[in-house]
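**Q** Got a predicted structure here, sequence first:
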Amino acid sequence: MPPQIRHYGIINNGKVKLLNLPLYKKNIDSLEGKRIEFTIKEVHEFPTPDQHAYYRGAVIETALQAECFGGWTNDEVHKELADLFLGTDIVVRVVRKDGTVIAKTRRDVPSTADLSKKEMTAYIDKCIMFLAAEGIEVHTAEMYKLNKYRTVTTTEK
(Lines give C-alpha, C1' and ligand atoms only; values in the text may rest on other atoms or scores of the structure.)
Protein backbone atom coordinates (compact mmCIF):
# COMPACT_ATOMS: atom_id res chain seq x y z
CA MET A 1 0.00 0.00 0.00
CA PRO A 2 1.44 3.41 -0.92
CA PRO A 3 2.16 5.82 1.91
CA GLN A 4 -0.62 8.07 3.15
CA ILE A 5 0.41 11.71 3.28
CA ARG A 6 -1.33 13.94 5.80
CA HIS A 7 -1.21 17.72 5.78
CA TYR A 8 -2.68 20.13 8.29
CA GLY A 9 -4.07 23.58 7.75
CA ILE A 10 -6.74 26.11 8.57
CA ILE A 11 -9.74 27.23 6.54
CA ASN A 12 -10.22 31.02 6.46
CA ASN A 13 -12.85 32.71 4.30
CA GLY A 14 -13.41 29.50 2.33
CA LYS A 15 -9.71 29.08 1.47
CA VAL A 16 -7.36 26.39 2.73
CA LYS A 17 -4.11 27.64 4.26
CA LEU A 18 -1.64 24.78 4.70
CA LEU A 19 0.69 24.85 7.69
CA ASN A 20 3.69 23.37 5.82
CA LEU A 21 3.41 24.51 2.20
CA PRO A 22 6.92 23.37 1.07
CA LEU A 23 6.23 19.80 2.24
CA TYR A 24 2.85 19.87 0.50
CA LYS A 25 4.43 20.97 -2.78
CA LYS A 26 7.09 18.23 -2.50
CA ASN A 27 4.38 15.59 -1.92
CA ILE A 28 2.26 16.88 -4.81
CA ASP A 29 5.26 16.65 -7.15
CA SER A 30 5.83 13.01 -6.11
CA LEU A 31 2.25 12.15 -7.09
CA GLU A 32 2.30 13.77 -10.52
CA GLY A 33 0.02 11.97 -12.95
CA LYS A 34 -1.47 9.66 -10.31
CA ARG A 35 -5.05 9.44 -9.10
CA ILE A 36 -5.48 10.69 -5.53
CA GLU A 37 -8.11 10.83 -2.81
CA PHE A 38 -8.57 14.11 -0.95
CA THR A 39 -10.35 14.25 2.43
CA ILE A 40 -10.90 17.32 4.60
CA LYS A 41 -11.95 16.87 8.21
CA GLU A 42 -11.72 18.71 11.48
CA VAL A 43 -8.67 17.76 13.54
CA HIS A 44 -9.55 15.80 16.67
CA GLU A 45 -8.04 17.63 19.64
CA PHE A 46 -7.22 15.06 22.30
CA PRO A 47 -7.37 15.92 26.00
CA THR A 48 -4.20 17.58 27.21
CA PRO A 49 -1.80 15.95 29.67
CA ASP A 50 -2.79 18.71 32.12
CA GLN A 51 -6.45 17.67 31.85
CA HIS A 52 -5.62 14.03 32.55
CA ALA A 53 -3.32 15.03 35.43
CA TYR A 54 -5.98 17.27 36.98
CA TYR A 55 -8.64 14.59 36.60
CA ARG A 56 -6.50 11.82 38.11
CA GLY A 57 -4.54 13.92 40.61
CA ALA A 58 -7.22 16.31 41.83
CA VAL A 59 -10.69 15.01 41.04
CA ILE A 60 -10.09 11.31 41.72
CA GLU A 61 -7.67 11.85 44.62
CA THR A 62 -10.04 14.30 46.33
CA ALA A 63 -12.92 11.85 45.90
CA LEU A 64 -10.85 9.11 47.54
CA GLN A 65 -10.49 11.24 50.67
CA ALA A 66 -14.27 11.41 51.11
CA GLU A 67 -16.12 9.01 53.35
CA CYS A 68 -18.53 7.89 50.61
CA PHE A 69 -15.60 6.47 48.61
CA GLY A 70 -13.89 4.94 51.64
CA GLY A 71 -11.90 1.85 50.71
CA TRP A 72 -12.22 2.42 46.97
CA THR A 73 -9.24 2.45 44.61
CA ASN A 74 -8.42 5.14 42.03
CA ASP A 75 -9.62 2.86 39.23
CA GLU A 76 -12.88 2.06 41.00
CA VAL A 77 -13.72 5.74 41.47
CA HIS A 78 -12.75 6.46 37.85
CA LYS A 79 -14.90 3.58 36.54
CA GLU A 80 -17.87 4.74 38.61
CA LEU A 81 -17.63 8.36 37.40
CA ALA A 82 -16.98 7.34 33.80
CA ASP A 83 -19.96 4.97 33.84
CA LEU A 84 -22.13 7.67 35.36
CA PHE A 85 -21.22 10.50 32.96
CA LEU A 86 -19.77 8.88 29.83
CA GLY A 87 -21.66 5.60 29.63
CA THR A 88 -24.45 4.92 27.18
CA ASP A 89 -26.76 1.95 27.03
CA ILE A 90 -26.79 0.06 23.76
CA VAL A 91 -29.67 -2.27 22.99
CA VAL A 92 -28.69 -5.25 20.86
CA ARG A 93 -31.48 -7.29 19.29
CA VAL A 94 -30.73 -10.89 18.49
CA VAL A 95 -33.09 -12.80 16.18
CA ARG A 96 -32.94 -16.53 16.78
CA LYS A 97 -33.45 -19.18 14.11
CA ASP A 98 -36.98 -19.82 15.37
CA GLY A 99 -37.84 -16.11 14.83
CA THR A 100 -37.91 -15.06 18.47
CA VAL A 101 -36.20 -11.80 19.32
CA ILE A 102 -34.04 -11.25 22.37
CA ALA A 103 -33.11 -7.70 23.36
CA LYS A 104 -29.93 -7.34 25.40
CA THR A 105 -28.69 -4.12 26.90
CA ARG A 106 -25.00 -3.47 27.37
CA ARG A 107 -23.21 -0.43 28.75
CA ASP A 108 -20.62 1.25 26.56
CA VAL A 109 -18.14 3.52 28.36
CA PRO A 110 -15.47 5.21 26.22
CA SER A 111 -11.96 5.78 27.50
CA THR A 112 -11.18 9.34 28.58
CA ALA A 113 -8.21 9.14 26.18
CA ASP A 114 -10.68 8.95 23.27
CA LEU A 115 -12.58 12.09 24.28
CA SER A 116 -11.94 15.45 22.66
CA LYS A 117 -10.44 18.27 24.69
CA LYS A 118 -13.88 19.89 24.92
CA GLU A 119 -15.58 16.62 25.95
CA MET A 120 -12.94 16.04 28.64
CA THR A 121 -13.56 19.52 30.04
CA ALA A 122 -17.32 18.85 30.19
CA TYR A 123 -16.72 15.44 31.81
CA ILE A 124 -14.44 16.90 34.50
CA ASP A 125 -17.01 19.63 35.21
CA LYS A 126 -19.76 17.01 35.64
CA CYS A 127 -17.56 15.02 38.02
CA ILE A 128 -16.78 18.12 40.09
CA MET A 129 -20.47 19.08 40.27
CA PHE A 130 -21.41 15.53 41.30
CA LEU A 131 -18.75 15.48 44.00
CA ALA A 132 -19.83 18.93 45.23
CA ALA A 133 -23.38 17.60 45.64
CA GLU A 134 -21.86 14.87 47.84
CA GLY A 135 -20.08 17.54 49.93
CA ILE A 136 -16.66 16.97 48.34
CA GLU A 137 -14.82 20.13 47.25
CA VAL A 138 -12.33 19.76 44.42
CA HIS A 139 -9.94 22.69 44.14
CA THR A 140 -9.60 24.45 40.79
CA ALA A 141 -6.97 23.49 38.25
CA GLU A 142 -5.39 26.93 38.69
CA MET A 143 -4.70 26.16 42.35
CA TYR A 144 -2.70 23.11 41.29
CA LYS A 145 -0.88 25.01 38.54
CA LEU A 146 0.19 27.59 41.10
CA ASN A 147 1.49 24.75 43.31
CA LYS A 148 -0.82 25.74 46.16
CA TYR A 149 -1.43 22.06 46.92
CA ARG A 150 1.94 20.57 46.11
CA THR A 151 3.29 18.10 48.64
CA VAL A 152 6.75 19.01 49.84
CA THR A 153 8.85 16.42 51.66
CA THR A 154 11.68 17.57 53.87
CA THR A 155 14.17 15.62 55.90
CA GLU A 156 15.37 16.71 59.31
CA LYS A 157 19.07 16.91 59.96
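**A** Happy to help now that I have it.

**Q** List the buried residues in the helix or strand of the chain with the lowest mean pLDDT.
**A** Sorting the helices and strands of the chain by mean pLDDT, DSSP states H and E puts helix 141-145 at the bottom, at a mean of 79. Of the residues in helix 141-145, 141, 144 count as buried by neighbour count, 16 or more other CB atoms under 10 Å. In this view, the C-beta of every residue, glycine as well, is placed from N, C-alpha and C.

**Q** What is that helix packed up against?
**A** Based on contacts counted as 3 or more CB pairs under 8 Å, 6 or more residues apart in numbering; DSSP states H and E, the elements that helix 141-145 packs against are helix 49-54.

**Q** what about whichever helix or strand comes after the helix it packs on, distance to the chain center?
**A** Of the helices and strands lying after helix 49-54 in sequence (DSSP states H and E), the nearest is helix 61-64. Distance of helix 61-64 from its chain centroid, counting by CA atoms, centre = their mean, to the nearest Å, is 20 Å.

**Q** For helix 61-64, list every residue counted as buried.
**A** Of the residues in helix 61-64, 62, 63, 64 count as buried by neighbour count, 16+ other CB under 10 Å.

**Q** same deal with stretch 111-128?
**A** In stretch 111-128, counting by 16+ other CB under 10 Å, buried: 112, 115, 120, 123, 124, 127, 128.

**Q** just curious, which of those is nearest to residue 30?
**A** Among these, residue 115 lies closest to residue 30 (CB to CB), at 36.0 Å.

**Q** which one is the closest one nearest to, not counting chain neighbours?
**A** Excluding the flanking residues, the one nearest residue 115 by CB to CB, 6 or more residues apart in numbering is residue 47, at 5.8 Å.
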